[in-house]
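Engineer: Quick one, fold the following:
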Amino acid sequence: MRKLILILSMFAVFQVHASSTGPELHAAKIDMTDKASLQRGAKYFVNYCISCHSAKQMRYSRVGQDLGISNELVQSNLMFNGENIFDGMNVAMTAKDGEKWFGVSPPDLSLIARSRGADWLYSYLTSFYIDEERPFGVDNLLFSKVGMPHVLADLQGMQKIVYKEVETDEGGVKQVFDRFELVKAGVMSEEEYQVAVNDLVAFMVYVGEPAKLERQAMGWKVLLFILGMTAVFYALKKDYWRDIH
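Structural biologist: A predicted model of the protein is given here:
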C-alpha cells in the first residue's frame, strides 16, 4: 500500500510539472444558454470543419430543435451534401482519402470537447502559426507537428511565432514562446476571431453533451419546486406544532 501511494504521488507530481511546463491554455467563455452563439458556432462548423471532420453522433434535426432553427433553415444553411434532416452530421470524405491526404483519417468530433476540454480547443484554434517546413505551411503551438491545415486562416489571417530567450537552471539560455505576430490579416479583427472561435467551441461543447441544455433548463424548475415545497413544509410544520410550542 505504501509503495502504491508513493507511485501515485510521484505520478501526480509529474503531471503537475508537465502541465506547468506546457503551453498556457486560454479560457473559453462558454454559455450554453446563448443560442445565438451556438447557432453561429453551427454555421462555422459546417463551413470549416465538416468537409473533413464528422460529428456523426449528432443529427441535423436535433441541432435545429435544440438551437431554435427550423428544418427549412437547417436544410438551406447547414446541409450541403443532400443529406436527410434526420441524418447524422457525417463527412463526405472517406477514411481512405483522409489517410491519403493527411496521413491519418481526420477524427470524428462528436466527443472532442469532452475528451480535450473547451479551453484546449479554444487555445488550439488560436495557436496556428507559419512554419514553411510543415506540409501545409503551418504548425500549432499546442499540437506540435500538426497534420491539419489552418482552415480558419481566411478569418484570422496568418501569424508567426516570436520567441524570447530565458536562462536555464544550468546557466544556459533557451528560447521559449513569447507571443504571436500577425503577418497577413484575415477578414476578422483579433477580437472578432476570438468570438468566432468561442462560438465554434461552444457548438462542439453542445455536440458533446446536447442533453446539458435540457438539464440546465430543468435545473431551475427543480430548484424553484424545492424552494416552493420548503415553504409549504415549513408552514405545515408550524401549524402542526403550534399547540405544543
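
Engineer: Between the two ends of stretch 143-162, how far is it?
Structural biologist: 17 Å (Cα to Cα, to the nearest Å).

Engineer: Would you mind listing the buried residues in it?
Structural biologist: Buried residues in stretch 143-162, counted by 16 or more other Cβ atoms under 10 Å: 146, 148, 150-153, 155-159, 161. For glycine as for every other residue, the C-beta is placed from the backbone atoms N, C-alpha and C.

Engineer: All the strands of this structure, residue numbers only.
Structural biologist: All strands of the chain, identified by DSSP state E, fall at 55-59, 88-89, 128-130, 138-140, 157-167, 173-185.

Engineer: Quick one, which of those strands gets closest to I226.
Structural biologist: Shortest distance between I226 and the strands of the chain, using Cβ to Cβ, is found for strand 55-59: 32.3 Å.

Engineer: Please name every helix or strand in contact with the closest one.
Structural biologist: If contacts are counted by 3 or more Cβ pairs under 8 Å, 6 or more residues apart in numbering; DSSP states H and E, strand 55-59 sits against strand 88-89, helix 190-208.

Engineer: what's that strand in contact with?
Structural biologist: For strand 55-59, the external contacting residues (Cβ atoms under 8 Å, 6 or more residues apart in numbering) are 45, 86-90, 108-111, 204, 207, 210.

Engineer: export that strand as PDB, just CAs?
Structural biologist: Extracted in PDB, the C-alpha atoms of strand 55-59 (Å, rounded to 0.1, in the frame of the first residue of the first chain):
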ATOM      1  CA  ALA A  55     -19.900  14.700 -35.900                       C
ATOM      2  CA  LYS A  56     -21.900  11.600 -36.600                       C
ATOM      3  CA  GLN A  57     -23.400  11.300 -33.100                       C
ATOM      4  CA  MET A  58     -25.400  14.500 -33.700                       C
ATOM      5  CA  ARG A  59     -28.400  14.600 -36.100                       C
END
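
Engineer: average model confidence for that strand?
Structural biologist: Average pLDDT, strand 55-59: 93.

Engineer: How far does that strand sit from its chain's centre?
Structural biologist: In terms of Cα atoms, centre = their mean, to the nearest Å, the centre of strand 55-59 is set 16 Å apart from its chain centre.

Engineer: and the angle for it with helix 190-208?
Structural biologist: Relative orientation of strand 55-59 and helix 190-208, computed by axes from the mean of the first three to the mean of the last three Cα atoms, to 10 degrees: 70 degrees.

Engineer: Any stretches of the chain with poor pLDDT?
Structural biologist: 1-22, 213-220, 245 (pLDDT under 70).

Engineer: at 80 instead, please
Structural biologist: Low-confidence segments of the chain (pLDDT under 80): 1-23, 81-82, 92, 212-223, 225, 234, 237-240, 242-245.

Engineer: and the longest helix for it?
Structural biologist: Criterion DSSP state H: the longest helix present in the chain is helix 211-241.

Engineer: helices or strands up against that one?
Structural biologist: Using 3+ Cβ pairs under 8 Å, 6+ apart as the contact test, no helix or strand touches helix 211-241.

Engineer: let's see it at 10 Å
Structural biologist: Using 3 or more Cβ pairs under 10 Å, 6 or more residues apart in numbering; DSSP states H and E, the elements in contact with helix 211-241 are helix 60-67, helix 190-208.

Engineer: Isn't Q159 up against L152?
Structural biologist: No: the criterion here is Cβ atoms under 10 Å, and Q159 misses it with L152 at 11.7 Å.

Engineer: shared neighbours, the two?
Structural biologist: 126, 128, 186 (Cβ atoms under 10 Å, 6 or more residues apart in numbering).

Engineer: Out of these, the closest to V104 would be?
Structural biologist: Nearest to V104 among the shared contacts of Q159 and L152: F128, at 18.1 Å, using Cβ to Cβ.

Engineer: Quick check: the residue lying closest to the closest one once chain neighbours are set aside vs L73, distance?
Structural biologist: Ranked by Cβ to Cβ, 6 or more residues apart in numbering and with sequence neighbours excluded, the top spatial neighbour of F128 is H150, at 4.1 Å. To L73, H150 is 29 Å away according to Cβ to Cβ, to the nearest Å.
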